[in-house]
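# The following block contains a protein sequence and its predicted model.
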Amino acid sequence: MDKVGIVGGIGPASTLDYYRGIVNGYRERTEEDRYPEIVICSINMTEMLSFVQKKDWDALTAMLVMAVKSLAGAGVSFAAIASNTPHIVFDRVQRESPLPLISIVDETGKYAQSTGCKKAVVIGTRFTMNSGFYAEGFEKYGIAAIVPTRGLQEDIHNLIFPRLENGIVVPEDKETMLGIVRGLIAEHQADSLVLGCTELPLMIQNDDLDTFLLNTTQIHIEAILNRLI
C-alpha cells in the first residue's frame, strides 16, 4: 500500500481534518479494518504566512520543497499540501519536488467541472483571493472564478484570522461571513461557492446556504483517497 505524505500545520485544525478524513474515508471505501500509513511534516504557519505577506516566493518555495523532501525521505509515495494559500507557488514546488503532488486547486477545478459549475465565488485568505490562482486554475475547466473586492477580502480574511484558523468558530463571525457570501452570490449570480481555506468547512456547512459548496478540504481528501485506492 502507498504511504501518504501531508505537508501540514497550515493550519493545525485542518491538518487534523485531513488525517481523520483519510483514515475514515479509506475504511468506508474498502470496508477494511485498517488504514494507510500517513506521514505529516508540520511546518510553521506563522513563518509561512510571513513569506506570503512579503511576497517572498523563493523562501516560501524553499520551505515547502524542504518539507516535501522530508516526506520523501520518510518513504512516502506521493504528497499533498494541506492548505490553499501555499498553492500560490504550487507549480514551482512541483517542479522541484521528488514526489508526485496532488493540487487542491486542480482537483477542485476537475470536481467543479464534473458537477456542472460555471461560475464560482471564491473565498479564503486575502492571499488566496487576490493571487488569482483559482481563476487561472479554473479557466482550463471552463469555470469563471469570482473574487470579492479588496475591502470584502479584508473582511473575510479577518473572519478567518486568528480564531477560525485556530479551529474556533464564533457564531457572530459565522453570521457575518454568511451575510457577505449571500451578497456575493446574488450579485454575481454564481452557481457555487469555493471554500478556499481549509478551515472554512468548520464554519460553513451545506445546509447554511442554498448554493452548491465546493469544499476544497474534502475534495482534496477524496483525491488523495483516489490515488491510494
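Received it, and whenever you're ready, just let me know what you need. Everything quoted here is computed from the prediction, not taken from an experiment. Numbering: from 1, shown residues only.
# where along the chain do the helices fall?
Remark: helices assigned in the chain by DSSP state H are 12-30, 45-53, 57-73, 90-96, 104-114, 126-131, 133-139, 150-160, 171-188, 200-203, 216-228.
# Give me the contact list for stretch 209-217.
Residues outside stretch 209-217 that contact it (CB atoms under 8 Å, 6 or more residues apart in numbering): 14, 17-18, 21, 84, 104, 108, 111-112, 115, 117, 120, 178, 181-182, 185, 190-198, 201, 204-206. Every residue, glycine included, has its C-beta placed from N, CA and C.
# of those, buried ones?
By neighbour count, with 16 or more other CB atoms under 10 Å, the contacts of stretch 209-217 hold 14, 17-18, 21, 84, 104, 108, 111-112, 117, 120, 181, 185, 190-198, 201, 204 as buried.
# contacting residues around the spatially most central residue of the chain?
In the chain, the residue lying closest to the centroid (CA atoms, centre = their mean) is Asn84, at 3.6 Å. Residues in contact with Asn84 (CB under 8 Å, 6+ apart) are Ile104, Val105, Gly124, Thr125, Thr128, Gly196, Cys197, Thr198, Thr216.
# Now render the helices of the chain as CSV, adding mean pLDDT.
Putting these into CSV (pLDDT from 0 to 100) gives the following:
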stretch, mean pLDDT
helix 12-30, 95
helix 45-53, 96
helix 57-73, 98
helix 90-96, 98
helix 104-114, 98
helix 126-131, 95
helix 133-139, 97
helix 150-160, 97
helix 171-188, 98
helix 200-203, 96
helix 216-228, 97
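# I appreciate the help and will end here.
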